[in-house]
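# Let me see the structure of the following:
(2 chains)
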Protein chains: 2
Amino acid sequence: MTDQPLSESRLHTRFDELGRGLSARVLLSPGDDMAMIGLDSSSRVLVAADQVVLGRHTRMDEDPQAIGRKAVLRNLSDVAAMAAKPIATIATATLSPGRSQAWAERLHAGLHETGLAFDAPLIGGDLAIHSSEDSADVVAVTILAVPALPLDRVISRKGAAAGDLLAVTGRLGGSLQPDGGGRHLDFPPRLEEAIELADSMGEDLVAMLDVSDGIARDAGRLAAAGGVDVRITATSLPCNPGCDWRKAVGDGEDYELLFACRSHPPAMLDGLPVTVIGRFMEASDAPGDVSMEMDGSIRRVADLGWEHAGS
Amino acid sequence: MTDQPLSESRLHTRFDELGRGLSARVLLSPGDDMAMIGLDSSSRVLVAADQVVLGRHTRMDEDPQAIGRKAVLRNLSDVAAMAAKPIATIATATLSPGRSQAWAERLHAGLHETGLAFDAPLIGGDLAIHSSEDSADVVAVTILAVPALPLDRVISRKGAAAGDLLAVTGRLGGSLQPDGGGRHLDFPPRLEEAIELADSMGEDLVAMLDVSDGIARDAGRLAAAGGVDVRITATSLPCNPGCDWRKAVGDGEDYELLFACRSHPPAMLDGLPVTVIGRFMEASDAPGDVSMEMDGSIRRVADLGWEHAGS
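This is a model prediction of the structure:
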């Protein structure tokens, strides 16, 4: 143990390592979008947790209903990334003592209504109050899901090999911009599209995650999990209006599906465009490197994504 | 919606109401120690979540490993209250930016080791960092469990009827006292004892919970869930050394099993004493009233438990 300053990504990496080989019951370890466990009766349940911290992931004065909705949607996006089916949510919140009862009820409404809308009802949780008004509110949501594909198959992050295509749904960039329509707060989790994609591609869909930190980082995660590198073609990026390639790869909070596949994916999924944006290749040095081909030259872009820890 | 000041208990009551009748899949609603859901394949999974807020549930300078352990133990105690078997934990934490990497690793060690020790490995979660050093750290743990009794039976809070006995394991009071040995931070969840109790009593064990807010409040919860009142006999209370009846009913954080039963429970469970401390009776007015027989007179004690909200 060292006494370095806090870094979310360094801690996540370390904790994921400690989470390997825990038990035969743990079928997917920490480090994927969701963990999967086998129940005694041989059925499987997936679980993930995510937080919304005020002042960090939303403004302090954001509408509490929108905060509750975002907290559930982020988790639903993780369920989509596994091509699984959500079944329930559990939420905890620690609020500043300066919040009102009405504020807490609006937060709950955002959690409750969003869960119901996606057939993942809010079935429990806990509410606590900070001892000091200076403490920021924290909302944590845990989501449960079950496999939705035949034979209980789920799509993990691991599986990309050299030669596989990298593809993404929808458009990228600008989620946090004022004219982005608050997309980081309210977005459609790609649940049905993920299942349709997995159904149509079968074994050719080899790895998937949802884009939370920008594809520069998230494509690197798919590459690292597969022990390969990945190269993105800048001109192929499906950018949102007003976004250049830099925003498309680095802004994050797109909550689109980013996946590795062995054949060309369908061009559309239920009206949503699908774009091939790169290709996986043999790892040069340490696996997980992300490079971009742009104007005839190659540049590294792995560091352009959003580091949640700000360090 | 009203603009009253925050009260944890009022909000919990309101949210529990909103959580009823959610879906046929939800077999036990919010308001019990754990929720239970039926999976597509007809097996069942239980889930609960709880938080440890620094400055609220522990000192700000508490050992982070002890904080992680407490966060998991609180949840394990909820699993015990259902006579269920824990299978996995998921944790989220939001830390002050002033914490060190080593602090975070010790917190993780407390979570990880405690989960492993009870066969409920830590399989995932999320770490975030507050935007301001003034914000208190929050640790939330979600626990998953499966039924441990024949026919997937679990023991809910609901079931007490007039004439049933009220009984408790172990001893009560003083968990937060300096000479209490830090019992609120480190205590044995009564997992095996709960299953042994349910096995030995069968259908005569009708309702159960774990003592978190003091038996004055928690006995009232069993009574309210059953639509009855309850009367405690002061002289029967198994008080910890140095505790009078007031501490025994009001201190909380005992994490013992409190249950309603239709016949006399065993006097010991695997070396742990079991004491009958009262009896349920027809509700006088609104169900859930807790009274105590002491020195030949009757007094109401329902308000003596620990209100987490401090309001």
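# check contacts around the residue positioned nearest the centre of chain A.
Residue closest to the average C-alpha location in chain A (CA atoms, centre = their mean): A:Asp210, at 3.9 Å. Applying CB atoms under 8 Å, 6 or more residues apart in numbering or on different chains to A:Asp210 gives the contacts A:33, A:77-78, A:80-81, A:189-190, A:218, A:255-258. For glycine as for every other residue, the C-beta is placed from the backbone atoms N, C-alpha and C.
# hmm, try it at 7 Å
A:33, A:77-78, A:80-81, A:255-257 (CB atoms under 7 Å, 6 or more residues apart in numbering or on different chains).
# I'd like to know which of the residues you listed are buried.
If you count burial by 16 or more other CB atoms under 10 Å in any protein chain shown, the buried members of the contacts of A:Asp210 come out as A:33, A:77-78, A:80-81, A:255-257.
# Format those as JSON lines; extra columns: secondary structure and distance to B:Arg44.
What follows is the buried ones among the contacts of A:Asp210, written out as JSON lines (DSSP: H, G, I helix; E, B strand; the rest coil; distance: CB to CB, whole Å):
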{"residue": "A:Asp33", "secondary structure": "coil", "distance to B:Arg44": "24"}
{"residue": "A:Ser77", "secondary structure": "helix", "distance to B:Arg44": "27"}
{"residue": "A:Asp78", "secondary structure": "helix", "distance to B:Arg44": "23"}
{"residue": "A:Ala80", "secondary structure": "helix", "distance to B:Arg44": "25"}
{"residue": "A:Ala81", "secondary structure": "helix", "distance to B:Arg44": "26"}
{"residue": "A:Tyr255", "secondary structure": "coil", "distance to B:Arg44": "31"}
{"residue": "A:Glu256", "secondary structure": "coil", "distance to B:Arg44": "34"}
{"residue": "A:Leu257", "secondary structure": "strand", "distance to B:Arg44": "31"}
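# So which bits of the stretch 151-300 of chain A are right by chain B?
Within the stretch 151-300 of chain A, no position is adjacent to chain B by CB under 7 Å from any CB of the partner chain.
# Just the closest residue of the stretch 151-300 of chain A to chain B, please.
Taking CB to the nearest CB, chain B has its nearest neighbour within the stretch 151-300 of chain A at A:Asp152, 9.3 Å off.
# contacting residues for that residue?
A:Arg44.
# Am I right that A:Leu258 is in contact with A:Ala207?
No - applying CB atoms under 7 Å, one finds A:Leu258 not in contact with A:Ala207, separated by 9.2 Å.
# Can you verify A:Asn75 is assigned to a strand?
No - per DSSP: H, G, I helix; E, B strand; the rest coil, A:Asn75 lies outside any strand segment and is helix.
# who's in contact with it?
So A:Asn75 contacts A:48, A:50, A:89, A:141, A:143 (CB under 7 Å, 6+ apart).
# And the last one, how far from chain B?
In this structure, A:Ile143 lies at 10 Å from chain B, with CB to the nearest CB, to the nearest Å as the measure.
# Looking at the contacts of A:Asn75, which is nearest chain B?
The shortest gap between chain B and any of the contacts of A:Asn75 belongs to A:Asp50, at 5.2 Å (CB to the nearest CB).
# Please, where are all the helices along chain A?
A:8-18, A:64-81, A:101-117, A:191-201, A:215-226, A:245-250 (DSSP state H).
# could you give me the average pLDDT of the longest one?
What helix A:64-81 shows for mean pLDDT is 96.
# and if you look at the fifth one?
Confidence over helix A:215-226, taken as the mean pLDDT, stands at 95.
# relative orientation of that helix and helix A:64-81 in degrees?
Between helix A:215-226 and helix A:64-81, the angle comes out at 40 degrees (axes from the mean of the first three to the mean of the last three CA atoms, to 10 degrees).
# where does the stretch 201-311 of chain A dip in pLDDT?
A:305-311 (pLDDT under 70).
# Touching, A:Ser135 and B:Ala136? I think so.
Yes - the pair A:Ser135 / B:Ala136 is scored as a contact, 4.4 Å apart, by CB under 7 Å.
# Looking at the two, which has the bigger crowd around it?
A:Ser135 (28 against 22; other CB atoms under 10 Å in any protein chain shown).
# Could I get the phi/psi values of that one?
phi -90, psi 140 (degrees, to the nearest 10).
# dump the residue contacts of it.
Residues near A:Ser135 by CB under 7 Å, 6+ apart: A:96, B:134-136.
# could you redo the last one with a cut-off of 8 Å?
Per CB under 8 Å, 6+ apart, neighbours of A:Ser135: A:94, A:96, B:55, B:130, B:134-136.
# Count the neighbours of the residue nearest to A:Arg56 when sequence neighbours are not counted for me.
What sits nearest to A:Arg56 in space, not counting adjacent residues and going by CB to CB, 6 or more residues apart in numbering or on different chains, is B:Ser131, at 4.9 Å. Around B:Ser131 there are 16 other residues, counting by other CB under 10 Å.
# Is it correct that B:Ser131 is in contact with A:Thr58?
No - contact status for B:Ser131 versus A:Thr58: not in contact, 10.8 Å apart, counting by CB atoms under 8 Å.
# circling back: now the common contact residues for A:Ser135 and B:Ala136.
Joint contacts of A:Ser135 and B:Ala136 (CB under 8 Å, 6+ apart) are B:Gly55.
# Go ahead and confirm A:Ser7 touches B:Gln101.
Yes - using CB under 8 Å, A:Ser7 makes contact with B:Gln101 at a distance of 7.2 Å.
# Beta-bridge partners for the residue nearest to the centre of chain A, please?
Here A:Asp210 sits in beta bridges with A:Leu257, going by DSSP bridges.
# how near is A:Ala302 to B:Ile277?
Using CB to CB, to the nearest Å, A:Ala302 is found at 63 Å from B:Ile277.
# Counting neighbours around each, name which of these two comes out higher.
B:Ile277 (24 against 19).
# separation between A:Arg20 and A:Ala35?
11 Å.
# same check, this time on A:Arg10
For A:Arg10 relative to A:Ala35 (CB to CB), the value is 20 Å.
# who's more crowded, these two?
Ranked by neighbour count (other CB under 10 Å), A:Arg10 and A:Ala35 place A:Ala35 first, with 26 against 18.
# So that one is in contact with A:Val45, correct?
No - with contact defined as CB under 8 Å, A:Ala35 does not reach A:Val45; the gap is 9.4 Å.
# show me the contacts for A:Leu237.
A:Leu237 neighbours (CB under 8 Å, 6+ apart): A:172, A:245, A:248-249, A:275, A:277.
# By neighbour count, which of those residues wins?
Of all the contacts of A:Leu237, the highest neighbour tally under other CB under 10 Å goes to A:Val249, namely 29 neighbours.
# Go ahead and confirm it touches A:Leu304.
Yes - if you go by CB under 8 Å, A:Val249 and A:Leu304 touch, sitting 5.5 Å apart.
# joint contacts of these two?
A:214, A:216.
# and for A:Ser7 and B:Gln101, which residues touch both?
Taking CB under 8 Å, 6+ apart as the contact rule, A:Ser7 and B:Gln101 touch no residue in common.
# Just the buried ones out of the contacts of A:Ser135, please.
Buried among the contacts of A:Ser135 by 16+ other CB under 10 Å: A:94, A:96, B:55, B:130, B:135-136.
# so what's A:Gly182 up against?
A:Gly182 neighbours (CB under 8 Å, 6+ apart): A:Ala66.
# Quickly note the distance from it to A:Asp229.
As defined by CB to CB, A:Gly182 lies at a distance of 35 Å from A:Asp229.
# In this structure A:Glu253 contacts A:Arg183, no?
Yes - assessed by CB under 8 Å, A:Glu253 is found in contact with A:Arg183 at 7.4 Å.
# These two: who's more crowded?
Per other CB under 10 Å, whichever of A:Glu253 and A:Arg183 has more neighbours is A:Glu253, with 22 against 19.
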